[in-house]
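Q: Sequence first, predicted model second:
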Amino acid sequence: MQEIITILILIIKVMKIEKLFAICLLVDSYEKSLNFYTNVLGFKVNSKDGVFTDFKLGETSLAIFQKMEQRVCFQRNI
């Protein structure tokens, strides 16, 4: 997990990203991940439906999904 956070920080610095709308993570163990983000990091749940939970981190949402199949978290407007 620390590796993912480090990579995100590097991407933000290199690309000079000013704002992220959302970060979606497909996780192998939804329950372990939910426990980690809520009980270890202290994130507050914004919404939850069983295989999906998102946390509001300022203006950015962090969403975790149980990895089952390929999903589109947010449609791209091209």
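A: Yes, it's here.
Q: so where is this structure shaky, pLDDT-wise?
A: 1, 12, 69-78 (pLDDT under 70).
Q: how about the helices of this protein, start to end?
A: 2-15, 30-35 (DSSP state H).
Q: Send over the longest one as PDB, restricted to the C-alpha atoms.
A: The C-alpha trace of helix 2-15 is given here as PDB (Å, rounded to 0.1, in the frame of the first residue of the first chain):
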ATOM      1  CA  GLN A   2       2.800   2.400   0.800                       C
ATOM      2  CA  GLU A   3       4.200   1.800  -2.700                       C
ATOM      3  CA  ILE A   4       0.900   2.900  -4.300                       C
ATOM      4  CA  ILE A   5       0.800   6.100  -2.200                       C
ATOM      5  CA  THR A   6       4.500   6.800  -3.100                       C
ATOM      6  CA  ILE A   7       3.700   6.300  -6.800                       C
ATOM      7  CA  LEU A   8       0.700   8.600  -6.600                       C
ATOM      8  CA  ILE A   9       2.700  11.300  -4.900                       C
ATOM      9  CA  LEU A  10       5.400  11.100  -7.600                       C
ATOM     10  CA  ILE A  11       2.800  11.200 -10.400                       C
ATOM     11  CA  ILE A  12       1.200  14.300  -8.900                       C
ATOM     12  CA  LYS A  13       4.600  16.100  -8.500                       C
ATOM     13  CA  VAL A  14       5.900  15.200 -12.000                       C
ATOM     14  CA  MET A  15       2.600  15.900 -13.800                       C
END
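Q: sorry, back to before: output the helices of the chain in CSV, with mean neighbour count and distance to Val45 appended to each entry.
A: Every C-beta, even on glycine, is put in place using the N, C-alpha and C of the backbone. Conversion of the helices of the chain to CSV gives the following (neighbours: other Cβ atoms under 10 Å; distance: least, Cβ to Cβ, whole Å):
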stretch, mean neighbour count, distance to Val45
helix 2-15, 10, 19
helix 30-35, 14, 8
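Q: Compute the number of surrounding residues for Asp28.
A: By other Cβ atoms under 10 Å, 8 other residues sit near Asp28.
Q: residues in contact with it?
A: By Cβ atoms under 8 Å, 6 or more residues apart in numbering, Asp28 lies in contact with Lys67.
Q: For it, grab phi and psi.
A: phi -70, psi -40 (degrees, to the nearest 10).
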